[in-house]
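*Asks:* Starting from these lines, generate the structure:
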Amino acid sequence: MKNLSLIAAIGEGGELGYNNNLIWKIREDLQFYKEMTMGKNIIMGRKTLESMPLQALEGRHPIVLTSKPLETCTNLEVFHDLDSLLDYVNDTNKEFMVVGGANVYEELLPYVQVMYLTEIKREAYADTFFPYFNEDDWNITEIGDFLDNDIPYIRNKYVRKRSKMVKWES
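*Replies:* Below you'll find the predicted structure:
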């Protein structure tokens, strides 16, 4: 889906988070996240929504994919199955950014056209991990090489190769 992207910060072993919290809080990366998601539809799971501070939702249109009941909040859309969400994304020209958590990344990764991955050059203790993907299916462009708070990381933009694209048909 050409209007579906993904953003994540992962460790060398694919580490995403621990105890429903981010492992790394890197100021520059949080600023990048803000710039990349501002004004967009952001797709997340229920746990990710619950872990986010309210200001992380300001200026964005949150969409939650969850199998569990969720109280309806103002300016929040909820989908209880993947097919309905994919139909919604496919039927609009709006831009969507997948922001987590691990299960939502795994479910939507086959349909994502572009990934922005901050790849931290460290391992950390984690209980959630980014799903495996084959780098050969993507064209990779380095956006930058950083050192912030003694944490080395690179940021890459992954664009799915045309031959590896999955087309959604409802």
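*Asks:* Next, name the residue at the spatial heart of this protein.
*Replies:* Centroid-nearest residue in the chain, with C-alpha atoms, centre = their mean: residue 99, separated by 2.9 Å.
*Asks:* my read: it touches residue 34, true?
*Replies:* No. Counting by C-beta atoms under 8 Å, residue 99 sits too far from residue 34 to count as a contact (11.3 Å). C-beta here means a position set from N, CA and C on the backbone, and glycine is covered the same way.
*Asks:* what's around residue 36, how many residues?
*Replies:* A count of nearby residues for residue 36, using other C-beta atoms under 10 Å, gives 14.
*Asks:* gap between the residue nearest to the centre of the chain and residue 152?
*Replies:* 23 Å (C-beta to C-beta, to the nearest Å).
*Asks:* Run through the bridge partners of residue 44.
*Replies:* residue 64, residue 100 (DSSP bridges).
*Asks:* ok, it - contacts?
*Replies:* 52, 62-65, 98-101, 104 (C-beta atoms under 8 Å, 6 or more residues apart in numbering).
*Asks:* mind redoing it with 7 Å?
*Replies:* 62, 64, 99-101, 104 (C-beta atoms under 7 Å, 6 or more residues apart in numbering).
*Asks:* repeat for residue 30
*Replies:* Contacts of residue 30 by C-beta under 7 Å, 6+ apart: none found.
*Asks:* Doesn't it lie inside a strand?
*Replies:* No. Under DSSP: H, G, I helix; E, B strand; the rest coil, residue 30 falls outside any strand and is assigned helix.
*Asks:* what about it, distance to residue 7?
*Replies:* Taking C-beta to C-beta, one finds residue 30 at 11 Å from residue 7.
*Asks:* If you tally nearby residues, what's the number for residue 126?
*Replies:* 18.
*Asks:* out of everything not next to it in sequence, what's closest to it?
*Replies:* residue 15 (3.6 Å; C-beta to C-beta, 6 or more residues apart in numbering).
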